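Trainee: Turn this into a structure:
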Amino acid sequence: MNPIFQHPRYLLKRQAIALTGRFRVYDPSGNQVLFSEQKMFKLREDIRVYADENKAREVLSIKARQIMDFSAAYDVMDSELNQKVGALRRKGLRSILRDEWEVLDANDNLKGLLFEDSMGLALLRRLVLGNWLPQNYDITFGSTRVADLRQNFNPFRYELNLDFSMDTINQLDRRLGIAASILLAAVEGKQE
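Mentor: Numbering: from 1, shown residues only. Purely as a prediction, here's the structure:
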């Protein structure tokens with residue numbers, strides 16, 4: 001596997017002023033290791049992730065299966081290996097009050113859940129405080145927490161800390177975890 005995907009922690013930053021979503025991912029030493037830019041006017045989400053801003057080497061792709069689906073499923077592909085890593089499927093009705101996603105393996109078997117920290121805080125965000133209350137997501141496989149995705153408070157820019165360090169036996173493929181964070185940032189950007 002590409003060494004880009006072997007760190008225990010990352011920081012994702014979404015560019016504040018841009019016509020399309022631009023995302024930069026940094027390793028624990030502060031080195032930029034990934035870059036992504038959403039395409040404008042796409043009916044079906046198609047996010048490409050590159051090893052750098054030159055976009056010379058595509059490493060991941062995140063593609064919606066359908067156009068405008070309330071419970072959308074997104075396939076995550078390793079572009080270099082031309083191999084499906086897994087998928088993320090939004091739980092439509094449940095995500096109205098609190099974001100919830102299913103984490104699927106390469107064969108679309110349910111492996112875990114990605115969800116917003118608490119119903120109370122999710123409602124406060126949606127109804128009262130908006131972006132002033134940072135989001136926190138957990139990814140669990142059964143009762144085991146394998147990732148923590150925690151937004152920094154920053155009124156000017158979206159920043160998300162990705163922590164996979166509790167996943168000591170690597171149950172969650174880092175490529176899928178990073179794709180989930182980019183997808184969350186893209187969805188959040190559209191909701192703003």
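Trainee: Could you report the neighbour count for the nearest residue to residue 58 once chain neighbours are set aside?
Mentor: Of all residues not flanking residue 58 in the chain, residue 79 sits nearest, at 4.3 Å (C-beta to C-beta, 6 or more residues apart in numbering). Using the backbone N, CA and C atoms, a C-beta is placed for each residue, glycine as well. Using other C-beta atoms under 10 Å, residue 79 has 14 neighbouring residues.
Trainee: what do you get for residue 175?
Mentor: If you count neighbours by other C-beta under 10 Å, residue 175 ends up with 22.
Trainee: phi, psi of it?
Mentor: phi -60, psi -40 (degrees, to the nearest 10).
Trainee: one step back: assess the claim that the residue nearest to residue 58 and residue 55 are in contact.
Mentor: No. Using C-beta atoms under 8 Å, residue 79 makes no contact with residue 55, being 11.5 Å away.
Trainee: Quick check: neighbours shared by the two?
Mentor: residue 48 (C-beta atoms under 8 Å, 6 or more residues apart in numbering).
Trainee: Go ahead and report the secondary structure state at the most centrally placed residue in the chain.
Mentor: For the chain, residue 181 is the residue whose C-alpha lies nearest the centre (C-alpha atoms, centre = their mean; 1.8 Å). Classification of residue 181 by DSSP: H, G, I helix; E, B strand; the rest coil places it in helix.
Trainee: give the contact list for it.
Mentor: Taking C-beta under 8 Å, 6+ apart as the test, what residue 181 contacts is 10, 12, 25, 149, 160, 162.
Trainee: And these, which two are furthest apart?
Mentor: 25 and 149 (12.2 Å; C-beta to C-beta).
Trainee: How about the contacts made by residue 66?
Mentor: Residue 66 makes contact with 44, 72-73, according to C-beta under 8 Å, 6+ apart.
Trainee: from the residues you listed, which is closest to residue 136?
Mentor: residue 72 (22.1 Å).
Trainee: And that closest one, how close does it get to residue 88?
Mentor: From residue 72 over to residue 88 the distance is 9 Å, taken as C-beta to C-beta, to the nearest Å.
Trainee: Could I get the full set of helices for the chain?
Mentor: For the chain, the helices defined by DSSP state H cover 94-97, 119-124, 174-191.
Trainee: what comes up buried for the last one?
Mentor: To tie it back to what came earlier, the one meant is helix 174-191. Using 16 or more other C-beta atoms under 10 Å as the test for burial, helix 174-191 gives 174-189.
Trainee: any idea which of the contacts of residue 181 is closest to residue 134?
Mentor: Proximity of the contacts of residue 181 to residue 134 (C-beta to C-beta) peaks at residue 160, which lies at 9.1 Å.
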